[in-house]
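>>> A structural model of the following input is requested.
(chains A and B)
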Amino acid sequence: MLIESIFDGKSEMTEGSTKKCPVVLMTRIRLARNLSKTHFPGWAKLPQRTQVLETCLPAVASLNQMKRGITAEVEELSELEKQILVERHLISRELSGAPDQAGVVISKDQSVSVMINEEDHLRIQVIKSGYRFKQAWNSANVVDSTLENDLDYAFSSTIGFLTACPTNVGTGMRASAMMHLPAMVISNQMEKVVRAVNQLGIAVRGLFGEGSDASGSIFQISNQTTLGESEEEIIKRLSSVLKTIIDQEMNAREKILEKDPNKLFDKIGRAYGILQNSHLLSSSECMNLASLVRFGVDLEMFSEETRNTVDRTFIECQPGHIQHLVGKSIDTNERDAFRSEYLRKQFENVERPLFAIEKSEKRENSTEADSTKGEKK
Amino acid sequence: MGKSLKCDLCDESATVHLTQILNNQIHKIDLCESCAESKGITDPNGYSLADLLVKPGEESESSSEVLDSFEECPECEYTQKEFKKTGRLGCEHCYEAFGPILSPALAGMHRGENHKGKVPGRAVERKSFEDRLGTLESDLDEAIQKEHYEEAARYRDQILELKKAKKEEETA
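Take a look at the predicted model:
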């Protein structure tokens, strides 16, 4: 029941991303909050955790933003349900492994989720497709302020919101962007970027946060510091770094097209061929193939609709989603077989890519000269 | 990136990759999932702090003396040792209790030492209420001890008024 409504609903991650911003898949704001006079969840004993859950769950569920949303205690969820929620970025791995008395409330459109008794008593999260920090922050801010009417937050006038981990103290805010950087990966520039960006107090991680490798050339880029700057200042600083990364990605794309277009076309063409014809596909291979096709969409080699197919694939090829599609728990080999079958169907009607020469003919008839150039401003 | 690396602690292939810059030094660590878990690296930020504080050799003698004098948070009994292990605190009061080691750590971890962001209205109101109540109550005690009963009566009335105003506000 729960799983169906989540699965069938459109998520910000899978829908709604557009050509306007080909690099940023989605933006996210997360606020860490704790109740005053209560031990942090990691140190609280069972009765206190229970009390936190009993106080917070109804308070969050009654928010306007959560109308017709989903409210669940983690204990009630099956392993598969938890995995799917993690794959959709609606709960964290930490919450899915929480010992007891943890909960989550998810809005109907899956853009707002509030976790209870994770590392902090409350983790408010807003996800928006594309590059929309302002909307995400505004929306998280409203949820936070409304909750504060009912709940007493732990707050210090000198060091701000008090969080279980001192790395979150202050604003308690983590702003992050999910970025698709295939050209930087192909041209081996990511290491350099990670170094440079780290020095600015910005962290780079894989798609599923800590520990995940950057399969699909998707990176999560977020602020590392939370104290000493206002929320707006943090977002502004992060945005300026993101803009530089977008510029570099676009430059890298141009350079690859200039220097060795065949190598790139070969990769994209093969990816398309494999997605249409393979019979065994692991999730990480699948991510990388989908990433190449998405790169192809950005280069107008595939139709714009293919972008949605690809973005859905990023989520649906994950192990939990595959098992949900099959309807039962299956082992890795069976998953790889089913995954390839599912993707053959998804990519069956995707028209074959138009490569350089065909594309330039097509371009002459088109008014839009080069969508990638527009991004560089 | 993307190449399979070996865990720094055992020979399993590493899936947890951490790159951090602390005090202008680059720290890179690659771990397998089970080592990462056993080291408590579920959140790389949580780890960074533990790393920062526990790093052998960087702890000067004087600082470890300071550490010893703040072994435990008086409010929640969370220990310094636990904090070093997990990088997390037990309750809001730990920030004060562990101040001597936390404050310099915070300065190194963040872009400033003072909060400049959102201020939650209710939390601030509550704090100012509690502060005022605290002051009045100690004034009252002092007046009673000095047998200044007129003064004491005035403080008592002020306390009642303050509490009444708070109650009205809450029911409103």
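
>>> now check the helix or strand where A:E258 lies, is it near chain B?
Applying DSSP states H and E as the criterion places A:E258 in helix A:231-259. Yes - Helix A:231-259 is in contact with chain B by CB under 8 Å from any CB of the partner chain, via A:231, A:233-234. In this view, the C-beta of every residue, glycine as well, is placed from N, C-alpha and C.

>>> just the buried subset of the residues you listed, written out for PyMOL, thanks.
Here is the PyMOL command that selects the buried residues among the residues of helix A:231-259 next to chain B (16 or more other CB atoms under 10 Å in any protein chain shown):
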select buried, chain A and resi 231+234
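
>>> tell me which of the residues of helix A:231-259 next to chain B is nearest to B:H115?
A:E231 (10.8 Å; CB to CB).

>>> show me what contacts the closest one?
A:137, A:141, A:171, A:173, B:117-118 (CB atoms under 8 Å, 6 or more residues apart in numbering or on different chains).

>>> tell me where chain A has strands.
Applying DSSP state E to chain A gives strands spanning A:24-33, A:70-73, A:103-106, A:112-116, A:122-129, A:155-156, A:160-161, A:173-180, A:202-206, A:218-223.

>>> lowest average confidence across those strands, which one?
Note on those: strand A:202-206 shows the lowest mean pLDDT, a mean of 90.

>>> mind giving me the packing neighbours of it?
Under the contact criterion of 3 or more CB pairs under 8 Å, 6 or more residues apart in numbering or on different chains; DSSP states H and E, strand A:202-206 touches helix A:190-199, strand A:218-223, helix B:44-54.

>>> tell me the buried residues in stretch A:274-290?
A:274-276, A:278, A:281-283, A:285-290.

>>> hmm, I typed the wrong one, I wanted stretch A:50-64.
For stretch A:50-64, burial by neighbour count (16+ other CB under 10 Å) applies to A:52-53, A:55-57, A:59-60, A:63.

>>> shaky segments in the chain?
Let's take chain A. A:1-3, A:8-20, A:209-213, A:356-377 (pLDDT under 70).

>>> the chain in question should be chain B.
Using pLDDT under 70, chain B drops low at B:1-4, B:18-28, B:36-70, B:172.

>>> what about the strands in it?
According to DSSP E, the strands that chain B contains are B:5-6, B:13-14, B:16-22, B:25-31.

>>> out of the contacts of A:E231, which comes closest to B:E71?
Of these, the one sitting nearest to B:E71 (CB to CB) turns out to be A:T171, at 30.1 Å.

>>> pull the contacting residues for the closest residue to that closest one other than its chain neighbours.
Nearest residue to A:T171, sequence neighbours excluded (CB to CB, 6 or more residues apart in numbering or on different chains): B:G117, at 3.9 Å. B:G117 sits next to A:160, A:170-171, A:173, A:229-231, A:234 when contact means CB under 8 Å, 6+ apart.

>>> B:G117 and B:E92, how far apart?
17 Å (CB to CB, to the nearest Å).

>>> same check, this time on A:L181
39 Å.

>>> A:S230 now?
A:S230 is 21 Å from B:E92, by CB to CB.

>>> the more surrounded of the two?
Set A:S230 next to B:E92 and count neighbours by other CB atoms under 10 Å in any protein chain shown: B:E92 wins out with 25 against 15.

>>> contacts only, for the spatially closest residue to the more buried one that is not a sequence neighbour.
In this structure, B:E92 finds its nearest non-sequential neighbour in A:A154, 3.9 Å apart by CB to CB, 6+ apart. Shown in contact with A:A154 (CB under 8 Å, 6+ apart): A:33-38, A:161-162, B:92, B:123.

>>> from the contacts of A:E231, which single one is nearest B:Q80?
A:T171 (26.1 Å).

>>> residue contacts, that closest one?
By CB under 8 Å, 6+ apart, the neighbours of A:T171 are A:31, A:160-161, A:226-227, A:229-231, A:234, B:115, B:117-118.

>>> again, only this time at 6 Å
Contacts for A:T171 (CB atoms under 6 Å, 6 or more residues apart in numbering or on different chains) come out as A:226, A:231, B:117.

>>> what sits up against the longest helix along chain B?
The residue-count maximum for a helix in chain B (DSSP state H) belongs to helix B:121-145. Helix B:121-145 has contacts (CB under 6 Å, 6+ apart) with A:148, A:153, A:155, B:151-152, B:155, B:158-159, B:166.

>>> most neighbours, which of the residues you listed?
A:F155 leads the contacts of helix B:121-145 on contacts (other CB under 10 Å) with 24 neighbours.

>>> who's in contact with it?
A:161, B:120, B:123.

>>> ramachandran angles for the second one?
In terms of degrees, to the nearest 10, the main-chain angles of B:P120 are phi -80, psi 120.

>>> hang on, the earlier thing: just the strands of chain A: most buried one?
By mean neighbour count, with neighbours taken as mean count of other CB atoms under 10 Å in any protein chain shown, strand A:112-116 ranks first of the strands of chain A at a mean of 28.

>>> is any part of that strand close to chain B?
No - using CB under 6 Å from any CB of the partner chain, we find that strand A:112-116 stays clear of chain B, coming within 13.4 Å at best.

>>> residues contacting that strand, please?
A:53, A:56, A:60, A:65, A:90-91, A:95, A:103-106, A:123-126.

>>> neighbouring strands - and their directions - for it?
strand A:103-106 (antiparallel), strand A:122-129 (antiparallel) (DSSP bridges).

>>> can you put these in JSON lines and add distance to A:P166?
Formatted as JSON lines, these follow (distance: least, CB to CB, whole Å):
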{"stretch": "strand A:103-106", "distance to A:P166": "25"}
{"stretch": "strand A:122-129", "distance to A:P166": "16"}
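
>>> quick one: closest of those strands to A:L85.
strand A:103-106 (7.3 Å).

>>> pick out the residue of the stretch 151-300 of chain A closest to chain B.
A:G228 (2.1 Å; CB to the nearest CB).

>>> so what's A:L35 up against?
A:121, A:151.

>>> distance-wise, check it relative to A:K67.
24 Å.

>>> now do the contacts for the most centrally placed residue in chain B.
Of all residues in chain B, the one closest to the mean position by CA atoms, centre = their mean is B:Y95, 2.9 Å from it. By CB under 6 Å, 6+ apart, the residues touching B:Y95 are A:L162.

>>> please redo it, this time with the cut-off set to 8 Å
A:156, A:159, A:162, A:166, A:169, B:89, B:102.

>>> got the residues you listed as CSV, with distance to A:L325 columns?
Formatted as CSV, those follow (distance: CB to CB, whole Å):
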residue, distance to A:L325
A:S156, 48
A:I159, 47
A:L162, 43
A:P166, 42
A:V169, 42
B:L89, 42
B:L102, 48
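
>>> could you find the closest non-adjacent residue to the residue of chain B found nearest chain A?
Here chain B gets closest to chain A at one residue, B:G112, 2.1 Å apart by CB to the nearest CB. What sits nearest to B:G112 in space, not counting adjacent residues and going by CB to CB, 6+ apart, is A:G228, at 2.1 Å.

>>> one step back: give the ChimeraX command for selecting the buried subset of the contacts of B:Y95.
The ChimeraX command for the buried members of the contacts of B:Y95 (criterion: 16+ other CB under 10 Å) is given here:
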select /A:156,159,162,166,169 /B:89,102
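
>>> in the contacts of B:G117, find the pair that's most separated.
A:G160 and A:I234 (12.0 Å).

>>> and the closest residue to A:L281 other than its chain neighbours, how far is that from A:G320?
In this structure, A:L281 finds its nearest non-sequential neighbour in A:S340, 4.0 Å apart by CB to CB, 6+ apart. Here A:S340 is placed at a distance of 17 Å from A:G320 (CB to CB).

>>> same deal with A:D298?
28 Å.

>>> circling back to that earlier point, ok, the residue of chain B closest to chain A - contacts?
A:227-229.

>>> excluding chain neighbours, what is closest to A:F347?
Nearest non-adjacent residue to A:F347 (CB to CB, 6+ apart): A:L275, at 4.4 Å.
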